[in-house]
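Visitor: Give me a model of this one.
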Amino acid sequence: MDNQLSMVFFLPELILAATAVVLFLLAASRRLSLRPPPRLFPLLAVGGLAAALLALLWQPYCNLHAEGGCPLFFGLLAADPLAAFFRGLALVATAVAVFISAGSHRALPDRQRGEYHGLLLVMAFGLCLLAGANHLLMVYLAMEAVSLCSYLLTGWDGDRLRSREAAVKYVLYGGVASAVMLFGMSLLYGLLGGLSFQQLHQALAQGPALEQAGGQWTLVVALIMVLCGLGYKIAAVPFHMWCPDAYQGAPTPFTALLSVGPKAAGFAVLMRFFWGLFLVPGSLQDTVVATGQVPWLLVLGVISAATMTLGNLSAIVQNNLKRLLAYSSIAHAGYLLMGVVAGRSEGFQAVTLYLGVYLVMNMGAFAVVAAVEQATGSEEMETYRGLGKRAPLLALVMAVFLVSLTGLPPTAGFIGKLYLFAALLEHGGDWYVTLAVIGVLNSVVSLYYYARVLKVMYLERHQEEGPALSQRSPAAVTAALLALPTLLLGIFWQPLARLAEWSAVLFH
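Guide: Below is the predicted model:
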């Protein structure tokens with residue numbers, strides 16, 4: 001694809017970059033005679049995101065199965081339906097985070113809103129690059145762009161020791177994971193002589209590299225290192241340790257984005273990387289694929305089971321809502337890995353559909369947490385006592401999100417889990433049925449701690465007269481709006497299913 005057409009497909013990212021530069025310049029101008037009003041920054045951010053989304057919808061997309069879509073910029077990026085879906089997901093998630101941030105004056109003072117919204121757009125830029133990455137170099141650069149913005153925004157509330165501590169832990173974990181992944185990439189390049197996913201696949205298919213002395217074990221070590229970096233990005237066990245502290249310490253509006261955006265982009269890379277290396281284009285195999293005598297599907301399945309189990313069991317004892325939702329997010333990464341293990345177009349379609357559902361229900365739950373925190377200054381479970389009487393709308397929409405996160409009908413979460421379990425069961429085989437049973441049992445465990453929040457909101461009385469809870473704050477309104485698709489997609493899910501099927505056309 002020539003450079004001119006590459007720039008056309010790159011238009012959404014260019015819009016994000018230009019808007020971010022404008023925001024940074026306006027933020028810098030506050031130190032001079034010009035003093036733009038604080039409300040201008042979220043308006044510009046939303047405008048840039050809306051323009052990028054329109055540019056994304058306007059573009060045509062290619063579907064060259066053997067070439068990974070239409071290669072852009074010498075194969076660094078792919079302009080295929082998978083990239084389009086996850087770029088759109090990143091833009092929508094960032095816009096929701098901007099709306100939730102509008103009423104958060106404690107953690108996000110007016111004097112810092114320019115830089116804050118500029119960093120959000122830079123992070124969205126990195127997420128879009130990560131969604132379309134078709135080359136290990138681009139994977140690393142995009143992941144670092146997302147990570148650097150995440151470190152800064154996690155520690156944004158510098159007045160809180162917890163926020164600074166979370167940022168430091170996040171940086172340390174992220175730096176180690178990036179270094180390990182980069183070393184694995186260098187081993188892959190030295191062994192297979194390429195960095196694009198197609199070059200790696202062709203080198204593996206031809207086989208001479210694996211016949212060298214130690215070639216198979218070098219490949220195993222390299223792939224484990226790369227999967228460590230991707231596992232860190234999606235918060236899969238055992239690379240999840242940063243997640244609870246980072247989620248709790250970051251400003252709640254940004255935590256909402258952190259729980260969805262990087263996870264979705266990480267799964268986009270994982271699916272494209274996994275498919276390109278181990279599965280024949282256009283003909284996904286039903287058997288376990290082993291490279292270097294390592295059954296990689298079995299390895300991913302064990303990680304999936306461990307991730308959902310540890311996340312759910314750890315969430316049971318949490319009394320802080322943000323930490324509870326952090327461990328819940330880890331568990332949902334385990335559910336999503338079931339779709340990757342299932343493979344084939346059905347499994348990857350289930351992953352993309354579930355991520356679309358996960359965006360509305362998880363960011364909605366964090367929007368409720370943000371609304372309560374803005375009014376009370378607390379994230380503890382105790383704050384939610386009697387919320388059903390003190391703020392009926394907030395309690396109702398929180399109940400919708402918790403029921404959906406559990407996976408109960410008639411919510412979108414039920415449809416998402418149904419697709420994931422169906423993809424495993426359609427695959428057949430004892431291992432896939434066992435993994436599906438583990439997923440069902442973990443969903444039952446999750447019902448306990450989600451129901452615990454419902455019990456506190458509706459069955460326990462608030463002992464002290466606390467501050468009034470506004471149900472008209474931007475975070476509360478955003479939560480109410482997100483509750484609508486959470487319910488509607490549980491009944492009319494076919495449009496999202498068709499979109500997910502279109503995005504997974506690469507894996508047919």
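
Visitor: Next one, pLDDT for S283 please.
Guide: Note on S283: pLDDT of 33.

Visitor: Repeat that for P244.
Guide: Listed pLDDT for P244 reads 90.

Visitor: Contacts only, for it.
Guide: With contact set as CB atoms under 8 Å, 6 or more residues apart in numbering, P244 has these partners: 314, 323, 326-327. In this view, the C-beta of every residue, glycine as well, is placed from N, C-alpha and C.

Visitor: Go through the helix or strand hosting V440 and flag the buried ones.
Guide: Here V440 sits within helix 430-459, counting by DSSP states H and E. Neighbour-count burial for helix 430-459 flags 431-432, 435-436, 438-439, 442-443, 445-447, 449-450, 452-454, 456-458 (criterion: 16 or more other CB atoms under 10 Å).

Visitor: now swap in stretch 177-193 and tell me
Guide: Across stretch 177-193, burial judged by 16+ other CB under 10 Å covers 177-178, 180-185, 187-189, 191-192.

Visitor: low-confidence ranges in the stretch 51-200 of the chain?
Guide: The model of the stretch 51-200 of the chain has pLDDT under 70 over residues 60-71, 107, 110, 158-159.

Visitor: Would you map the helices across it?
Guide: Ranges of helices within the stretch 51-200 of the chain are 81-101, 113-132, 136-154, 161-192, 197-206, based on DSSP state H, counting those that start in this stretch.

Visitor: Can you say which of those is nearest to G229?
Guide: Among the helices of the stretch 51-200 of the chain, the nearest to G229 by CB to CB is helix 161-192 (2.6 Å).

Visitor: Packing partners of the closest one?
Guide: Helix 161-192 is packed against helix 136-154, helix 197-206, helix 215-234, helix 242-249, with contacts defined by 3 or more CB pairs under 8 Å, 6 or more residues apart in numbering; DSSP states H and E.

Visitor: Give me the next element, helix or strand, following the last one.
Guide: What that stands for is helix 242-249. Next helix or strand after helix 242-249 toward the C-terminus (DSSP H and E): helix 252-258.

Visitor: what pLDDT, on average, does that following helix get?
Guide: Mean predicted confidence for helix 252-258 is 91.

Visitor: Repeat that for stretch 482-494.
Guide: Averaged across stretch 482-494, pLDDT comes to 92.

Visitor: now that stretch: how far from the chain's centre is it?
Guide: Once both centres are worked out by CA atoms, centre = their mean, to the nearest Å, stretch 482-494 turns out to sit 20 Å from its chain's centre.

Visitor: Tell me the buried residues in that stretch?
Guide: 482-483, 485-490, 493.

Visitor: for the nearest residue to L300 once chain neighbours are set aside, what are its contacts?
Guide: Spatial nearest neighbour of L300, excluding adjacent residues (CB to CB, 6 or more residues apart in numbering): V341 at 5.1 Å. Residues in contact with V341 (CB under 8 Å, 6+ apart) are 297, 300-301, 304, 347, 424, 432, 435.

Visitor: okay, those residues in TSV with distance to I224, pLDDT and secondary structure next?
Guide: As requested, the contacts of V341 are arranged in TSV below (distance: CB to CB, whole Å; pLDDT from 0 to 100; DSSP: H, G, I helix; E, B strand; the rest coil):
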residue	distance to I224	pLDDT	secondary structure
L297	15	78	helix
L300	12	87	helix
G301	15	88	helix
S304	16	93	helix
G347	22	85	helix
L424	24	88	helix
Y432	23	85	helix
L435	21	91	helix
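
Visitor: Now list the buried members of those.
Guide: Buried among the contacts of V341 (16+ other CB under 10 Å): 297, 300-301, 304, 347, 424, 432, 435.

Visitor: any idea how far N134 is from V269?
Guide: Distance of V269 to N134, computed by CB to CB, to the nearest Å: 10 Å.

Visitor: nope, N362 is what I was after
Guide: Taking CB to CB as the measure, N362 falls 28 Å from N134.

Visitor: thinking again about what came up before, what's the separation between the residue nearest to L300 and L310?
Guide: 17 Å.

Visitor: Please name every helix or strand in contact with the strand or helix carrying A370.
Guide: Per DSSP H and E: A370 is located in helix 344-376. Other elements packing on helix 344-376 under the criterion 3+ CB pairs under 8 Å, 6+ apart are helix 81-101, helix 252-258, helix 261-278, helix 321-342, helix 392-406, helix 412-427, helix 474-488, helix 494-503.

Visitor: Following the chain onward from that helix, which element is next?
Guide: Taking DSSP H and E, what comes next after helix 344-376 is helix 387-390.

Visitor: re earlier: now flag whichever of the buried residues of stretch 482-494 is closest to V351.
Guide: W493 (15.1 Å).

Visitor: And the average pLDDT for stretch 19-32 is what?
Guide: Computed over stretch 19-32, the average pLDDT equals 82.

Visitor: how about that stretch: buried residues?
Guide: 19-20, 22-24, 26-27, 30.

Visitor: mind giving me CSV with those and columns for distance to V8 and secondary structure?
Guide: CSV is the format used below for these (distance: CB to CB, whole Å; DSSP: H, G, I helix; E, B strand; the rest coil):
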residue, distance to V8, secondary structure
T19, 18, helix
A20, 20, helix
V22, 22, helix
L23, 24, helix
F24, 26, helix
L26, 28, helix
A27, 30, helix
R30, 35, coil
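
Visitor: Name the helix or strand for the closest residue to A331 other than its chain neighbours, please.
Guide: Among residues not flanking A331 along the chain, G311 sits closest, at 3.1 Å (CB to CB, 6+ apart). Using DSSP H and E, G311 falls within helix 296-315.
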